[in-house]
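Asks: Need a 3D model of the following:
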Amino acid sequence: MTKFERLNSVLGYEFDRYVLEHPDFAEKIPPGAIVVLQLEGEDAFNKWARNIAELHRGIDEPILFVQVKGLRPPRSRLIRPVIARSA
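Replies: Have a look, this model is predicted:
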């Protein structure tokens, strides 16, 4: 997996979570649209993502560009994990 593929995967995962938590935002996405995530300050990645979308675009499929300012640092959501004895 390339650096851009990895970044796109992370952005896609976070976008899916955002859409689930913000249904009003999801309503703005046209049915069948190709969502292209664009990360501020990452011009090479953004160009790569646009090119990939164009390659996979079907006839009459709209492309929706979503500008993202950045990502917050990852945090664990585990609650008080405990290490059990190994066998």
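
Asks: Not counting its neighbours along the chain, what's nearest Gly32?
Replies: Glu61 (5.9 Å; CB to CB, 6 or more residues apart in numbering). C-beta here means a position set from N, CA and C on the backbone, and glycine is covered the same way.

Asks: do Tyr18 as well
Replies: Tyr18 sits nearest to Phe25 (CB to CB, 6+ apart), 7.0 Å away.

Asks: and the one you found, what helix or strand is that in?
Replies: Assigned by DSSP states H and E, Phe25 belongs to helix 23-26.

Asks: From the contact counts, what lies against that helix?
Replies: Under the contact criterion of 3 or more CB pairs under 8 Å, 6 or more residues apart in numbering; DSSP states H and E, helix 23-26 touches helix 3-21.

Asks: CA atoms only for stretch 80-87 - export them in PDB, please.
Replies: C-alpha atoms of stretch 80-87 as PDB (Å, rounded to 0.1, in the frame of the first residue of the first chain):
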ATOM      1  CA  ARG A  80      -9.800   0.900  31.500                       C
ATOM      2  CA  PRO A  81      -8.200  -2.000  29.700                       C
ATOM      3  CA  VAL A  82      -6.700  -4.700  32.000                       C
ATOM      4  CA  ILE A  83      -4.000  -7.200  31.000                       C
ATOM      5  CA  ALA A  84      -5.100 -10.700  31.900                       C
ATOM      6  CA  ARG A  85      -2.600 -13.400  32.700                       C
ATOM      7  CA  SER A  86      -1.400 -15.400  29.700                       C
ATOM      8  CA  ALA A  87      -1.900 -19.100  29.500                       C
END
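
Asks: follow-up on the earlier one: tell me the SS of the residue nearest to Gly32?
Replies: coil (DSSP: H, G, I helix; E, B strand; the rest coil).

Asks: Cheers, nothing more for now.
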